[in-house]
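>>> Here is a sequence together with a model predicted from it:
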Amino acid sequence: MRLSEQLRHKLTYSVMILMTLPFVVFVALPSQWNASSTTLYISSLAGFVGVILLIWQFALGTRAVNALLYRDLSWPLKVHKILGKWGTLAIFFHPLLVVYSYGEDLLYVFVPSFKTDFEAAVSWGRLGFAFLVVLWVSSALLRGKIKFRPWKYLHYVAYLVLPLVLLHGFYASTTLATNNFLLGYWYALALLFVCILVMRSLHIAGIGKHRFSVVENSALNDEVQLLRLRTKASKLRVQKGQYVYLQNRLLSEEHPFTVLAIDKSGTEISIAYKVVGSFTAKLRATVVPGDVLIVDGPYGFFTRELDAGLALKPIFIAGGIGITPFMAHLTSDSASENILFYANRTPQSTVFNQQLRQALGKGLINIYSQDVGKQIGAESGYITPALINKYVQKPQAHSYFICGPEQMMAMVTEDLLSMGVLRQQIFTEKFGF
Ligand SMILES: Cc1cc2nc3c(=O)[nH]c(=O)nc-3n(C[C@H](O)[C@H](O)[C@H](O)COP(=O)(O)OP(=O)(O)OC[C@H]3O[C@@H](n4cnc5c(N)ncnc54)[C@H](O)[C@@H]3O)c2cc1C
């Protein structure tokens, strides 16, 4: 039996709550309720519950785990981010309440000391806390303000946080020292962390990935390249709209790209990539036919309703390279009645126009933002409610699949909602995590 994605999500939340229960039930209540004992009790609970949330956060940020549990990988990543932003606060409460309860000042949380065994045990927690603050500030506060790579490298301190926090609990917690059941549970959590780490390491080492030879890496225009890859050994089973991760070699950076098309044998795939930064620039400049790239996947669930025939008659809205998840749908045999709003800066920056015109005829509506008034048969400016109304008779009677720059997706989504389209009729794919 195949569990629905919704059921998987509910199960995830249920297991998360269940995993906190041993602490909620077995952490001893204070013998006397006063300010100090109450804060100590709450700090203890906050620490234990925070560890469960940290473990889930770590697991849901691990593709090797997510791919086993879910089909839509954007959901675990969303929960990973929410836990990072809000769940981390539970852990923050732990040292702050301890400080209050001990009557210490705030420096106690940050300044490590290894004078006694107990102080050393506390210091594992202090280090874990300091790394967590770095993670939280860079991800929850500064993510939009710092570049992708500095943020990503800072994110690696996540590997240190859990071992430090687990060590801290093991050596410093009187609850664990006096309750064998909770101590056993703590060991089990440590084992779980090790298992996730092993899965992650195996994945990084290439287990489950495929080696593809480059057949073609040619320019579609100034910015966009067509990459064709072939493999002898493995057959990929890719559904329309799914994506794969590409890597130049093991241990190097991995980047996601939608599969434009796959041949019937499952051994040749094509990808269209826009050159935006160092990875794509290097891909364009250095990769030539005969080279080998590592392919991981396929992943993704964006156009699932289409594949399952569940969506209302779809309207496709693409901005620039956001056309890639739709190409297989739109150029298949049954595509002639589809409508595509395809927004680009100019005709020169538009890829696959001819192919799409052939497949869709009048169903292809080009919109050019920097070519106002010049193109016959095309629209100029941006996608607006008026433009949608011009081509779609009953906008509320359709589902909408949108992929493009984030700002464009947000604006079009707002427009559609204002036109009475329900949120559940709108499906979007972001080209960045
Ligand atoms: C599901 C999905 C499908 C995609 N499909 C395509 C496609 O078909 N064609 C295409 O041209 N682009 C696609 N992208 C975007 C592509 O992954 C990025 O443009 C590319 O990774 C940029 O790397 P860079 O080093 O060249 O540029 P950078 O300047 O480093 O990155 C530009 C932006 O891309 C995103 N990004 C960078 N690295 C990663 C990463 N490892 N994982 C996730 N996001 C990252 C970040 O938001 C970053 O700000 C897709 C992205 C996603 C998430």
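Received it, and whenever you're ready, just let me know what you need.

>>> List the contacts of the residue of the stretch 151-300 of the chain found nearest the ligand.
Here the stretch 151-300 of the chain gets closest to the ligand at one residue, Gly277, 2.1 Å apart by Cβ to the nearest ligand atom. Yep, even glycine has a C-beta here, placed from its N, CA and C like the rest. Neighbouring residues of Gly277 by Cβ atoms under 8 Å, 6 or more residues apart in numbering: Phe148.

>>> In the stretch 101-250 of the chain, where is pLDDT below threshold?
Along the stretch 101-250 of the chain, no part satisfies pLDDT under 70.

>>> rerun that using 80 as the cut-off
For the stretch 101-250 of the chain, the stretches with pLDDT under 80 are 233-235.

>>> likewise the stretch 301-433 of the chain?
Along the stretch 301-433 of the chain, segments meeting pLDDT under 80 span 304-311, 333-336, 371-377, 433.

>>> Please enumerate the strands of it.
Counting by DSSP state E, counting those that start in this stretch, the stretch 301-433 of the chain has these strands, from start to end: 314-319, 339-344, 364-368, 379-380, 399-403, 426-429.

>>> can those go into a markdown table with extra columns for mean neighbour count and distance to the ligand?
Putting the strands of the stretch 301-433 of the chain into a markdown table (neighbours: other Cβ atoms under 10 Å; distance: least, Cβ to the nearest ligand atom, whole Å) gives the following:
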| stretch | mean neighbour count | distance to the ligand |
| --- | --- | --- |
| strand 314-319 | 25 | 11 |
| strand 339-344 | 24 | 14 |
| strand 364-368 | 21 | 19 |
| strand 379-380 | 17 | 24 |
| strand 399-403 | 23 | 8 |
| strand 426-429 | 19 | 6 |
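
>>> just so I know, which of those strands lies nearest Thr350?
Thr350 sits nearest to strand 339-344 of all the strands of the stretch 301-433 of the chain, at 4.2 Å, using Cβ to Cβ.

>>> what lines up beside that closest one in the sheet?
Applying DSSP bridges, strand 339-344 is found paired with strand 314-319 (parallel), strand 364-368 (parallel).

>>> how far off strand 399-403 does that strand point, in degrees?
Per axes from the mean of the first three to the mean of the last three Cα atoms, to 10 degrees, the angle that strand 339-344 makes with strand 399-403 is 20 degrees.

>>> what does strand 339-344 rub up against?
If you take Cβ under 8 Å, 6+ apart as the criterion, strand 339-344 is touched by 315-320, 323, 326, 330, 350, 353, 356, 360, 363-369, 382-383, 387-388, 391-392, 404, 408.
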